[in-house]
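Enquirer: I would like the atomic coordinates for the input below:
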Amino acid sequence: MGLIYGLPSWLFIILIIIALFDLLFRVLCLVDLLRGKDKRSQRDVVTWIVIIAFVNFGWIIYLLLGRSKREGDIRDEKWV
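Expert: I've put the predicted structure just below:
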């Protein structure tokens, strides 16, 4: 196996997959944030955009803390 940028090619491929996964979730979280119809202030939206776009894996923070509950969301159901 050859070296790509000093890394084994298998490791380089894994890093590319992780980077694409991160990019995909950043885009999905930004779309979710901007299409949301909740009552957020403009300052909150800009803050979340900065967190999602510039913090490493900031989309995880958004999904855990920033995403608001929406009607029909599975988080609204009570599990008995």
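
Enquirer: contacts and neighbour counts: CA atoms only from here.
Expert: Noted.

Enquirer: For this protein, which segments count as helices?
Expert: Taking DSSP state H, the helices of the chain run over residues 9-35, 42-54, 58-61.

Enquirer: and the gap between the nearest residue to Pro8 once chain neighbours are set aside and Phe12?
Expert: Leaving aside its sequence neighbours, Pro8 sits nearest to Gly2 (C-alpha to C-alpha, 6 or more residues apart in numbering; 6.3 Å). As for Gly2, its distance to Phe12 is 11 Å (criterion: C-alpha to C-alpha, to the nearest Å).

Enquirer: Could you check which of the two is surrounded by more residues?
Expert: The neighbour comparison of Gly2 against Phe12 (other C-alpha atoms under 10 Å) goes to Phe12, with 15 against 9.

Enquirer: can you list the weak-confidence ranges in this protein?
Expert: Under the criterion pLDDT under 70, the flagged ranges of the chain are 1, 69-80.

Enquirer: Give me the most central residue, it.
Expert: The structure's the chain has its C-alpha centroid closest to Trp59; by C-alpha atoms, centre = their mean the separation is 2.7 Å.

Enquirer: Mind listing what's buried along stretch 54-72?
Expert: Along stretch 54-72, the positions that meet the burial threshold by neighbour count (16 or more other C-alpha atoms under 10 Å) are 58-60, 62, 68.
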